[in-house]
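Novice: fold the following and give me the result.
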Amino acid sequence: MIKNNKSEGLSITVMITAVIGLIILLVVAALIVKNTAIFSKTTGASCTERNGICLYSSGKESCSEIDGKPLRMIVSGCPSSKSDIKKDSGPCCLPLNE
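Specialist: As a prediction, this is how the structure comes out:
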């Protein structure tokens with residue numbers, strides 16, 4: 001009778017690939033959790049509570065003109081244009097490091 005010498009089960013290559021894939025998945029998940037924590041702590045906060053400056057109240061044309069506040073986000077409490085006096089929701093220039 002001929003004996004089958006092929007091993008059964010998972011090969012070492014499949015196991016190594018699965019472990020590497022799991023490590024990559026954990027790193028990506030950790031980065032996502034870290035970055036969403038930045039936004040979740042400021043949800044619902046006004047521009048000044050987020051350490052920002054309302055773009056149209058600053059007299060500048062873009063957030064890149066305001067030192068240290070390159071991120072533009074629409075928030076409540078900022079005018080939506082230069083002539084807006086209601087200040088319902090408009091652009092707020094925020095720092096990247098917070």
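Novice: tell me where this structure has helices.
Specialist: Listed in chain order, the helices of the chain (DSSP state H) span residues 12-40, 55-58.
Novice: and these, which is most packed in?
Specialist: Among these, ranked by average contacts under mean count of other C-beta atoms under 10 Å, first place goes to helix 55-58 (a mean of 19). Bear in mind the C-beta positions are built from the backbone N, C-alpha and C, glycine included.
Novice: who does that one touch, helix- and strand-wise?
Specialist: strand 89-94 (3 or more C-beta pairs under 8 Å, 6 or more residues apart in numbering; DSSP states H and E).
Novice: again, 10 Å this time
Specialist: For helix 55-58, the elements it packs on are strand 71-76, strand 89-94, judged by 3 or more C-beta pairs under 10 Å, 6 or more residues apart in numbering; DSSP states H and E.
Novice: now the first one: buried residues?
Specialist: If you call a residue buried by 16 or more other C-beta atoms under 10 Å, then strand 71-76 has these buried ones: Met73, Val75.
Novice: from the chain's centre, how far out does it sit?
Specialist: Centroid displacement of strand 71-76 relative to its chain, using C-alpha atoms, centre = their mean, to the nearest Å, is 14 Å.
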